[in-house]
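Undergrad: Structure here, sequence nowhere to be found:
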């Protein structure tokens, strides 16, 4: 039996390639399916099945692309109602792959159609469980994403409790758990950085599998502390149910544009100029009105969290040679309307003599000098609330980046804000968005909180009640 986990760090997402005796399957594929097709070709195997654990919210799956490329059958769990040809399996229905068997276990709770796939080895022994978002390492899937089905998060949490107790916990301890996500995903609260584990070990370390938990206690545990899901989640669920344009078509639609052409197409108010270069490059010079979300960070999830209109026209500025990668990573979260990219990158814009903008920055040392002279200067911490609560600069206000679209009106246009995140990635995104909307009173702290902490001259607060703008 050959199995390979194909992990995408930007999305904290795991797809799986399974193969036995020349027959292969892919579990929860990404939209760009080249890696799976190439793997099967290299191994002289035929992809027979595409197993989907549920309608994903945090990314657009590659089920349709892969089925078109290989002729494989798409399989969903019970109650799924896709708007395209697919096999909706029954609970405990079995599929053969070479000489091994894969059984569907319906595990509603995260979503109603959620299921896990139990693999039996050549000896007929229960060996591996592909759990999707039902069971993570250290956590379980959040039960609030399917409330539009008419059920409350408490009702879904109760279903998840029953699914875990009735379908997963009775399995042997040696069964290896392969989840769809790891630490950093918004689909759970407390995921481990490990990529796979045994069920037996998870019974020892995963709070949700504690046999002492009553259903009421479990529901309270899994529903406490849930933050609002990213705004793009419902859009991706709809795309995964209804279908989507081909990736090749979208890539071809993103045309190279000269500086003159780029200036012309971006005059339209509805066009977003998305600059994906690293933050240190962006702050030194960028196209006025452009927004920076660096390709070198959690690019796709931040696009999904911050760009409200999933159909918005996007004009790309990126490092040369990264154009196709940007388009593909946008499509992973359903942003399919990249109309073109600046040929030659930002340097082509600058060389053509078009207007440029910058972001004001300050080093931690100079900030410490400034605060000694003017202790009333306003610091803005744009990290997550949990990060802020753990440790922050005394006196800093907290306005997490993911709430910027809802809370930007709370900023005082007459106050200069010194903005920091952990290392500078999120703070530059934050400032670029506000600067594109006309706010000029923001200064980026180079190196963020990490640099402030290394400098050692500013007082830090640990585990104190936060001063928050939320």
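TA: Nice, I can see it. Just so you know, these numbers come straight off a predicted model, no measurement behind them.
Undergrad: Low-confidence bits of the stretch 151-300 of the chain, can you list those?
TA: Nowhere does the stretch 151-300 of the chain drop to pLDDT under 70.
Undergrad: How about residue 431, nearest residue that isn't a chain neighbour?
TA: Leaving aside its sequence neighbours, residue 431 sits nearest to residue 442 (CB to CB, 6 or more residues apart in numbering; 4.6 Å). Yep, even glycine has a C-beta here, placed from its N, CA and C like the rest.
Undergrad: Ok, residue 92 next?
TA: residue 103 (5.9 Å).
Undergrad: what bridges to the one you found?
TA: residue 94, residue 118 (DSSP bridges).
Undergrad: For it, grab the count of nearby residues.
TA: 18 (other CB atoms under 10 Å).
Undergrad: likewise residue 214?
TA: Residues lying near residue 214 (other CB under 10 Å) number 9.
Undergrad: Quick check: the gap between it and residue 161.
TA: From residue 214 over to residue 161 the distance is 9 Å, taken as CB to CB, to the nearest Å.
Undergrad: Same check on residue 3?
TA: 29 Å.
Undergrad: between the two, who's got more neighbours?
TA: Per other CB under 10 Å, whichever of residue 3 and residue 161 has more neighbours is residue 161, with 23 against 17.
Undergrad: Mind giving me the packing neighbours of the host helix or strand of that one?
TA: Using DSSP states H and E, residue 161 sits in helix 153-163. Counting contacts by 3 or more CB pairs under 8 Å, 6 or more residues apart in numbering; DSSP states H and E, helix 153-163 is packed against helix 215-223.
Undergrad: which parts of the helix or strand following the helix it packs on are buried?
TA: Counting by DSSP H and E, the element after helix 215-223 in chain order, helix or strand, is helix 233-242. Within helix 233-242, the residues that count as buried by 16 or more other CB atoms under 10 Å are 233, 235-240.
Undergrad: Just the strands from the stretch 201-350 of the chain, written as ranges.
TA: Here the stretch 201-350 of the chain has its strands, by DSSP state E, counting those that start in this stretch, at 255-257, 272-275, 291-292, 314-317, 338-342.
Undergrad: Tell me the strands beside the fourth one, with direction?
TA: Using DSSP bridges, the neighbouring strands of strand 314-317 in the sheet come out as strand 272-275 (parallel), strand 338-342 (parallel).
Undergrad: Contacts for that strand next, please.
TA: 254, 257, 262, 265-266, 271-277, 286-287, 290, 307, 323, 326-327, 330, 335, 337-342, 345-346, 349 (CB atoms under 8 Å, 6 or more residues apart in numbering).
Undergrad: In PyMOL, select just the buried ones from those.
TA: Only the buried entries of the contacts of strand 314-317 go into this PyMOL selection, using 16+ other CB under 10 Å:
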select buried, resi 254+257+262+266+271+272+273+274+275+276+277+286+287+290+307+323+326+327+330+335+337+338+339+340+341+342+345+346+349
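Undergrad: Quick check: the residue of the chain most remote from its centre vs residue 447, distance?
TA: Outermost residue of the chain with respect to the C-alpha centroid, by CA atoms, centre = their mean, is residue 373; its distance is 41.6 Å. According to CB to CB, residue 373 stands 21 Å off from residue 447.
Undergrad: One more: residue 256?
TA: Counting by CB to CB, the gap from residue 256 to residue 447 is 35 Å.
Undergrad: what's the answer for residue 453, then?
TA: On the measure of CB to CB, residue 453 and residue 447 end up 9 Å apart.
Undergrad: Measure how buried residue 280 is and give me the count.
TA: With other CB under 10 Å as criterion, residue 280 counts 12.
Undergrad: For it, list the residues it contacts.
TA: Neighbouring residues of residue 280 by CB under 8 Å, 6+ apart: residue 424.
Undergrad: roughly how far apart are it and residue 326?
TA: With CB to CB as the criterion, residue 280 and residue 326 are 18 Å apart.
Undergrad: List the buried residues of stretch 141-153.
TA: Going by 16+ other CB under 10 Å, stretch 141-153 has these buried residues: 141-146, 151, 153.
Undergrad: Surely residue 75 is in a strand?
TA: Yes. Per DSSP: H, G, I helix; E, B strand; the rest coil, residue 75 lies within a strand segment.
Undergrad: contacting residues around it?
TA: 49-52, 86-87, 89, 95, 104.
Undergrad: of the buried residues of helix 233-242, closest to residue 390?
TA: Nearest to residue 390 out of the buried residues of helix 233-242 is residue 233 (CB to CB; 26.0 Å).
Undergrad: looking at it, that closest one is touching residue 57, isn't it?
TA: Yes. In this structure residue 233 lies within contact range of residue 57 using CB atoms under 8 Å: 3.8 Å.
Undergrad: which residues do these two both contact?
TA: Counting by CB under 8 Å, 6+ apart, the shared contacts of residue 233 and residue 57 are residue 145.
Undergrad: roughly how far is stretch 71-87 from the heart of the chain?
TA: Remark: stretch 71-87 is offset 24 Å from the chain centroid, using CA atoms, centre = their mean, to the nearest Å.
Undergrad: which parts of that stretch are buried?
TA: Buried residues in stretch 71-87, counted by 16+ other CB under 10 Å: 72-78, 80, 82, 86.
Undergrad: Give me the distance between the two termini of that stretch.
TA: Terminal residues of stretch 71-87 lie 13 Å apart, using CA to CA, to the nearest Å.
Undergrad: Going forward, count from 781.
TA: New numbering, starting at 781: the last item is stretch 851-867.
Undergrad: still on that earlier bit, compare residue 1036 and residue 1227 (neighbour count), which wins?
TA: Per other CB under 10 Å, whichever of residue 1036 and residue 1227 has more neighbours is residue 1227, with 19 against 12.
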